[in-house]
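Colleague: After the sequence you'll find the predicted model.
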Amino acid sequence: MQLTDMGFRRSGEHIYRPWCEGCGECKSVRVPVAGFNVSKSQKRVLTRNKDLQVSFELPSCADEIYNLYANYIIQRHSDGDMYPPSLEQFENFLCQAPPTSQTRFVCFRLEQKLLAVAVVDLLPKGVSAIYTFFDPAYEIRSLGRLAVLWQIRWAQSQAMDFVYLGYWIKDCQKMAYKAEYQPLQVFEDLIWQTLTVS
């Protein structure tokens, strides 16, 4: 928790914070859940997905989970360094964690069909969103946004303080969605600062 509060992130068993000489664009962001303001479009996402069942599960390489992940990487990230997907990569990235981590898979299902998985670390005072993958065929449901909204609501129900959304680059289109969760706090100059991003 202390490292998370200092802007660090976890990937597999590694704890890291980006550092590139002459560049400080990667900024850790979090949502203070007590003051979260749900927008009209976010309310529509929640309403659209009321029929989904949500469960906490231990990290697993089960076929239904890995196949969902592999399909997501192939369809959404074929231009990235996670392509092509492999079971070993999946296990190292999402199933392995330091012994002190309480990692869970938040699984979203429509009846028996797995539609999305949000990998999270449960912290004493918050939730750290590690990674989310989903079935691109259900794009109309906005499952990635739903996963973040669900984590915020769950953290509120547990009287937690924050949902940590990882790193954000202001001008990166793939990360733009993080600015939709207001108020947003950014770790900059060694302190958390609340920013309103339009």
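Modeller: Yes, it's here.

Colleague: From Leu94, how far out is Phe69?
Modeller: Small correction: residue 69 is Tyr, not Phe. Distance, Tyr69 to Leu94, using C-beta to C-beta, to the nearest Å: 8 Å. (C-beta placed from N, C-alpha, C; glycine too.)

Colleague: who's in contact with stretch 175-192?
Modeller: For stretch 175-192, the external contacting residues (C-beta atoms under 8 Å, 6 or more residues apart in numbering) are 6-7, 27-32, 35-37, 39, 42, 144-145, 148, 152, 162-163, 165-169, 193-197.

Colleague: For PyMOL, write a command that selects the buried ones of these.
Modeller: Restricted to buried positions by 16 or more other C-beta atoms under 10 Å, the PyMOL selection for the contacts of stretch 175-192 reads:
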select buried, resi 7+27+28+29+30+31+32+36+42+144+145+148+152+162+163+165+166+167+168+195
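
Colleague: Among the contacts of stretch 175-192, which are located in helices?
Modeller: Using DSSP state H, the subset of these located in helices is Gln42, Gly144, Arg145, Val148, Ile152.

Colleague: Looking at the residue nearest to the spatial centre of the chain now. What's its pLDDT?
Modeller: Geometric centre of the chain, nearest residue: Ala129, 3.4 Å, by C-alpha atoms, centre = their mean. Confidence at Ala129, expressed as pLDDT, is 94.

Colleague: just checking, it touches Trp168?
Modeller: No. Judged on C-beta atoms under 8 Å, Ala129 makes no contact with Trp168 at a distance of 11.8 Å.

Colleague: top strand in this protein by residue count?
Modeller: strand 113-123 (DSSP state E).

Colleague: Show me what it is packed against.
Modeller: Helices and strands touching strand 113-123, as assessed by 3 or more C-beta pairs under 8 Å, 6 or more residues apart in numbering; DSSP states H and E, comprise helix 63-76, strand 103-110, strand 126-134, helix 143-157.
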